[in-house]
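S.K.: Here is the input, now give the coordinates:
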Amino acid sequence: MENRSTFFWYPRFVTTAIAVTGLLGISLLLPSRLADSYKQTALTRYTPTFSPPPQLRGKIVTQVQLGAQEKAIALTFDDGPWPDTTFQVLNILRQNNIKATFFWIGRNLKKYPDIGRQVVAEGHAIGNHTWHHWYFHMNPATAAAEIENTSKLIYQTTGVQTFLFRPPGGFMHNGLVAYARSKNYGIMMWNSEPGEFRPRNTVAGYVKNVVKMATPGGIVLLHDVHPKTVLALPQIIAGLRQRGYRFVTIPQLLEMQAQAPKSKPKVEQVSR
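M.R.: Predicted coordinates:
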């Protein structure tokens, strides 16, 4: 009788053991799978891509043509990220509740990745400004490396993908713009700048130049690596606001163009 009892109890024990083992396995594997799922969802959901609308891909834009009453303007900052001055620019923008667009040099982002991550964390748009900031003529392979290596590092460092490009010095015929256009980057130029290239220009001169040249749909060229620009920035913002301007990023400005089909952006046609 004892043997018969054992005989009937044994399968139940095996079944129970299998069930318990399965539950333990699920409890051990489920958190990691949920974590992996969360990571994938987070990457998909929170990876911004800055890309021009279809009609502006491969185009060279200096400003967007808006109505006189639509006084939107984009502040852009080249050549960073950079210690001290980029943080100072961020503080000024934060205090004024402004989002801007930063065009980064790849080698600077490699040196100061934490600064780059801070710019993105504060909600600013990002563009590509090549790896070395070279002006000379480049063959296709070199031009591709300058742009693609920078885009790759921007993504690896911040999770941001960008198809906004600004050629160093505004040079159009050294191979960079031709490559960027072939890959459907939007070439973002400018129609207003403070005169940072003139060493004797003063902070007051910076402010005067930007405010004077401002237009609805305009793009302002600034550099977050220049201390004098940092000093001028609060006054530039105040001067533009006094004239009724509000501040947007480059992607927002381009989207305004996309939503206003009757108006056309000011573009330049440059041979490849």
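
S.K.: residue closest to the middle of this structure?
M.R.: The centroid of the chain falls nearest to residue 126 when counting by CA atoms, centre = their mean (1.7 Å).

S.K.: What's the first helix or strand after the lowest-mean-pLDDT helix or strand in the chain?
M.R.: Every helix and strand of the chain was ranked by mean pLDDT, DSSP states H and E. The lowest is helix 2-46, at a mean of 45. Per DSSP states H and E, the first helix or strand lying C-terminal to helix 2-46 is strand 49-50.

S.K.: Show me what the helix or strand just after that next one is packed against.
M.R.: Using DSSP H and E, the helix or strand that directly follows strand 49-50 along the chain is strand 60-64. Counting contacts by 3 or more CB pairs under 8 Å, 6 or more residues apart in numbering; DSSP states H and E, strand 60-64 packs against strand 186-188, strand 218-223, helix 250-258, strand 265-268. Where you see a C-beta, it was placed from the backbone N, CA and C, and this is true even at glycine.

S.K.: Can you tell me which of those has the worst average pLDDT?
M.R.: Among these, strand 265-268 carries the lowest mean pLDDT, at a mean of 58.

S.K.: which residues does residue 192 contact?
M.R.: Counting by CB atoms under 8 Å, 6 or more residues apart in numbering, residue 192 makes contact with 73, 209-210, 213-215, 218-221.

S.K.: and if you look at residue 82?
M.R.: 108, 112, 115, 224-225.

S.K.: how about those residues in JSON lines, adding secondary structure and distance to residue 245?
M.R.: Shown next, in JSON lines, are those (DSSP: H, G, I helix; E, B strand; the rest coil; distance: CB to CB, whole Å):
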{"residue": "108", "secondary structure": "helix", "distance to residue 245": "29"}
{"residue": "112", "secondary structure": "coil", "distance to residue 245": "30"}
{"residue": "115", "secondary structure": "helix", "distance to residue 245": "27"}
{"residue": "224", "secondary structure": "coil", "distance to residue 245": "20"}
{"residue": "225", "secondary structure": "coil", "distance to residue 245": "24"}
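
S.K.: Quick one: those as CSV, columns for distance to residue 255 too.
M.R.: Shown next, in CSV, are those (distance: CB to CB, whole Å):
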residue, distance to residue 255
108, 28
112, 30
115, 27
224, 24
225, 28
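
S.K.: so which of those residues is the most crowded?
M.R.: residue 224 (28 neighbours; other CB atoms under 10 Å).

S.K.: All good on my end, thank you.
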